[in-house]
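Asks: Give me coordinates for this.
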Amino acid sequence: MIYKEGHGNYGHCWIEGDGATFWVYVMDGQSKYGPFSSLSDAMSEFSRYCL
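Replies: Below is the predicted model of the structure:
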């Protein structure tokens, strides 16, 4: 499931997760960060790259 999408200096980015584990994708999906165990942790990482 996609939780948040945005654009920034690193292109299209989004947060994907299954409710328990979350991943942050940046640079149109070329780079992936995670896993994060909470959406708030994923949002913190997301905000470093994207709006």
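
Asks: Let me see the ranges of the strands in this structure.
Replies: With DSSP state E, the ranges of strands along the chain come out as 2-8, 11-17, 22-26, 31-36.

Asks: How far does the third one sit from its chain's centre?
Replies: Centroid separation between strand 22-26 and its chain, computed with Cα atoms, centre = their mean, to the nearest Å, is 3 Å.

Asks: Kindly report the same for stretch 28-44.
Replies: Here the centre of stretch 28-44 is set off from its chain's centre by 4 Å, with Cα atoms, centre = their mean.

Asks: average pLDDT for that stretch?
Replies: The average of the pLDDT scores along stretch 28-44 is 97.

Asks: if you compare the strands of the chain, which one is most tucked away?
Replies: strand 22-26 (a mean of 23; mean count of other Cβ atoms under 10 Å). For the C-beta atoms, the positions are set from N, CA and C on the backbone; glycine is no exception.

Asks: Each with direction, which strands does it pair with?
Replies: Taking DSSP bridges as the criterion, strand 22-26 forms sheet pairs with strand 11-17 (antiparallel), strand 31-36 (antiparallel).

Asks: Serialize those to JSON lines and add fields for distance to S47.
Replies: JSON lines is the format used below for those (distance: least, Cβ to Cβ, whole Å):
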{"stretch": "strand 11-17", "distance to S47": "10"}
{"stretch": "strand 31-36", "distance to S47": "12"}
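
Asks: Turn the strands of the chain into JSON lines, columns for distance to M43.
Replies: What follows is the strands of the chain, written out as JSON lines (distance: least, Cβ to Cβ, whole Å):
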{"stretch": "strand 2-8", "distance to M43": "7"}
{"stretch": "strand 11-17", "distance to M43": "7"}
{"stretch": "strand 22-26", "distance to M43": "9"}
{"stretch": "strand 31-36", "distance to M43": "9"}
